[in-house]
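Chemist: Predicted model follows, preceded by the sequence.
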Amino acid sequence: MTTDVVIAGGGPNGLLMACELALAGVRVVVLERLPERATAPKANGLVGRVVQALDYRGLYERFSGRGGPPVPVPGFQFGALPLDLSVLASNALYAWPVPQRRMEELLEQRARELGAQIRRGHELLAMRQTADSVSVDVQGPQGRYEIAAKFLVGADGAHSIVRKQCGIGFPGVTDHGFTGRSGQVTIHPPVAVPGTGELQVPGVGRFRPATFTRTENGLFAYGMFQPGLYRVSVHEWAPSPLEDSDTMPLEELRAAVRRVVGGDVPMSEPAGGEPPALRRSTGANSRQADRYQHGRVFLAGDAAHVHSGVGGPGLNLGLQDVLNLGWKLAAAVKGWAPEGLLDTYQSERHPVGQRVIMHTRAQTALLSPGANITALRELFGELLREQSTVRHIADLMAGADISYDTSGAGPAHAMAGRWMPDIALRTEKGSTRIAGLLRPARAVLLTLADRTDLADAAKDWADRVDVIAAATAEPPAEAVLIRPDGYVAWAADGGTPRPADGLRRALQTWFGGAAVPC
Ligand SMILES: Cc1cc2nc3c(=O)[nH]c(=O)nc-3n(C[C@H](O)[C@H](O)[C@H](O)COP(=O)(O)OP(=O)(O)OC[C@H]3O[C@@H](n4cnc5c(N)ncnc54)[C@H](O)[C@@H]3O)c2cc1C
């Protein structure tokens, strides 16, 4: 049995990888060991640039049912301190409240529609590779079998067997002085304030949903994602003598909330058949794979990094890893990847993972108890009144401060290496926007002035790069070469010397040699 790419893990990252590869015409098999999708709730939504990145594939409109581009949020939190984003003219902190289970269902549906094979109840047991292929031993419902592929992607979560079998280290820290508890519950009036989503805790005060509250005993947060169904989470800065559990009693959650907020929140099991999903977790990990690639094997998502979930950065990081790797892997399968292209997955995405670990650790520090931290929070709160600090933190959390190295293609324009903004365009086919051009996950040379010289220079790459002439109100450049993941590979304006030569160099660097004429 052979295919182009095997993906271990049918979580959100494995499934998006399947969509990306199948969209590019690559044969892909996803191995997911669970026969049915797990019911335990995980992510409540996506936060950051990833929402726009999924919009660039048409998935935001399709999955959310909302028309038009996503809109950034006017405010957020950093380490439970308010981040007033209304002071910025624009920001990339988009928030899309979609339960992870729903996101996985939609991605699986899309991947199947594009031709990916999703095999549920199939567990990767072992793998080995040669210079040309990877072989995977699988335990399926009908027994063991082997499958060979050109590449393997380990999207098999934090305990990744793929990472372990490749001998890739997972350095970092595990903080044992910490216990988290969470569950889905019903909270009745008068504590649940009808119509507001707020909680009025007798003798303590009012709490708002989707907001972290730090007290001297810990951290409390909750959200209401369906009417009457509260997702409560509470963290205490104390080690637990008990082990991690998915069957914790409801009373344990209620007692922990009482200790942290200082008042009682009566709660009962959810009505309507939803699982209570009660969970105790001890310790917190911040770890990152020391390499994202081992020969023909790549890691993506939680297999590559784990960190605190404060601010919801996990899927922003993981899904953008996938969008970064997907088109490069497809290029390698199709045989046009220039030398070194696959190496840029590590050089571009590993530093991004490091920054997420840095800011989630910084937020964890700001959430810790003690008078010194309270003073640090006061100072940090003052700094967050400065517009430039708000910009810095918003970009950091959104992953909007990314600038990939494009120097291999020669002197760079200011846009090179950065995210391509979603500008409105008029083309000969009508009105569109950048998101409309990138849906097929192909590279685009966009000319925003009369630059037939550049369109001509790109003709030999027509099998890999779409050339589109458009007009826009305030062109950011005269021509922009956009990678399939939405980042600018090269750009030129009127003052760029010998732009056709520069464009050809960039095309070769990112998309390989010119096509051989038939
Ligand atoms: C309680 C909680 C709340 C969270 N909230 C948020 C949030 O609000 N926002 C956010 O962005 N992130 C959040 N996260 C993080 C987010 O859930 C993870 O980053 C995400 O699940 C990672 O996806 P993944 O596909 O990399 O891995 P996983 O979701 O772990 O999926 C890996 C898959 O691989 C399968 N698998 C494992 N081993 C094998 C094998 N050998 N063979 C075949 N299949 C295998 C597993 O069964 C699993 O389905 C939260 C996490 C938790 C636990």
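Modeler: It's in.

Chemist: roughly how far apart are the residue of the stretch 1-150 of the chain found nearest the ligand and residue 109?
Modeler: Residue of the stretch 1-150 of the chain nearest the ligand, by CB to the nearest ligand atom: residue 11 (2.2 Å). In this view, the C-beta of every residue, glycine as well, is placed from N, C-alpha and C. As judged by CB to CB, to the nearest Å, residue 11 and residue 109 stand 15 Å apart.

Chemist: quick one: which of these two has more around it?
Modeler: More crowded of residue 11 and residue 109, by other CB atoms under 10 Å: residue 11, with 26 against 15.

Chemist: Look at the residue in the stretch 251-400 of the chain positioned nearest to the ligand and say how many residues are nearby.
Modeler: Per CB to the nearest ligand atom, residue 301 is where the stretch 251-400 of the chain lies closest to the ligand, at 2.3 Å. By the criterion of other CB under 10 Å, residue 301 has 28 neighbours.

Chemist: Count the residues that sit near the closest residue to it other than its chain neighbours.
Modeler: Here the nearest residue to residue 301 in space, its sequence neighbours aside, is residue 13; by CB to CB, 6 or more residues apart in numbering that works out to 3.0 Å. Residue 13 has 31 neighbouring residues, counting by other CB under 10 Å.

Chemist: Which residues are in contact with residue 51?
Modeler: Applying CB atoms under 8 Å, 6 or more residues apart in numbering to residue 51 gives the contacts 60, 70, 94-96.

Chemist: Need phi/psi at it.
Modeler: phi -60, psi -40 (degrees, to the nearest 10).

Chemist: near the ligand, from the contacts of residue 51?
Modeler: When CB under 6 Å from any ligand atom is applied, no member of those is adjacent to the ligand.

Chemist: Taking those together, which two end up most distant?
Modeler: 60 and 95 (12.0 Å; CB to CB).

Chemist: Tell me which of these two has more neighbours.
Modeler: Between residue 60 and residue 95, counting by other CB under 10 Å, residue 60 is the more crowded of the two (24 against 18).

Chemist: Just the C-alphas of the lowest-mean-pLDDT helix or strand in the chain, formatted as PDB.
Modeler: Lowest by mean pLDDT, DSSP states H and E among the helices and strands of the chain is strand 218-226, with a mean of 90. Only the C-alpha atoms of strand 218-226 are listed here, as PDB (Å, rounded to 0.1, in the frame of the first residue of the first chain):
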ATOM      1  CA  GLY A 218      -5.400  31.100  41.800                       C
ATOM      2  CA  LEU A 219      -7.100  31.800  38.500                       C
ATOM      3  CA  PHE A 220     -10.800  31.500  37.600                       C
ATOM      4  CA  ALA A 221     -12.400  31.700  34.100                       C
ATOM      5  CA  TYR A 222     -15.600  30.500  32.500                       C
ATOM      6  CA  GLY A 223     -17.500  30.800  29.300                       C
ATOM      7  CA  MET A 224     -21.000  30.000  28.100                       C
ATOM      8  CA  PHE A 225     -20.800  28.500  24.600                       C
ATOM      9  CA  GLN A 226     -24.400  27.200  24.500                       C
END
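
Chemist: Give the pairing partners of it; include direction for each.
Modeler: The pairing partners recorded for strand 218-226 under DSSP bridges are strand 213-215 (antiparallel), strand 229-236 (antiparallel).

Chemist: what about the shortest one, distance to the chain center?
Modeler: The one in question is strand 213-215. 27 Å (CA atoms, centre = their mean, to the nearest Å).

Chemist: The stretch 151-300 of the chain against the ligand: which residues are in contact?
Modeler: Residues of the stretch 151-300 of the chain lying near the ligand (CB under 6 Å from any ligand atom): 155-157, 161.

Chemist: Recalculate using a threshold of 8 Å.
Modeler: 155-162, 182, 233, 279, 281, 300 (CB under 8 Å from any ligand atom).

Chemist: Of these, just say which sits nearest to residue 505.
Modeler: residue 300 (29.4 Å).

Chemist: For that closest one, which residues are in contact?
Modeler: 13-14, 17, 153-155, 292, 318, 321-322, 325.

Chemist: Per-residue pLDDT of it, please?
Modeler: If you check residue 300, the pLDDT there is 98.

Chemist: how much space is there between it and residue 14?
Modeler: Residue 300 is 8 Å from residue 14, by CB to CB.

Chemist: just to revisit the earlier point, so how far is residue 153 from the residue nearest to residue 301?
Modeler: Using CB to CB, one obtains 9 Å as the distance from residue 13 to residue 153.

Chemist: what does residue 417 give?
Modeler: Applying CB to CB, the value for residue 417 to residue 153 is 24 Å.

Chemist: ok, now residue 454?
Modeler: 35 Å.

Chemist: Out of the contacts of residue 51, name the ones that lie in strands.
Modeler: Here DSSP state E is the test, and those give 95-96 as lying in strands.

Chemist: Make a markdown table from the contacts of residue 51 and add pLDDT to it.
Modeler: Below are the contacts of residue 51 laid out as a markdown table (pLDDT from 0 to 100):
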| residue | pLDDT |
| --- | --- |
| 60 | 96 |
| 70 | 96 |
| 94 | 97 |
| 95 | 94 |
| 96 | 94 |
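
Chemist: Now residue 161, what are its backbone angles?
Modeler: phi -70, psi -30.

Chemist: which residues sit in contact with the residue nearest to it when sequence neighbours are not counted?
Modeler: For residue 161, ignoring the flanking residues on the chain, the nearest one in space by CB to CB, 6+ apart is residue 124 at 6.2 Å. Contacts for residue 124 (CB under 8 Å, 6+ apart) come out as 6, 8, 31, 33, 136-138, 156, 161-162.
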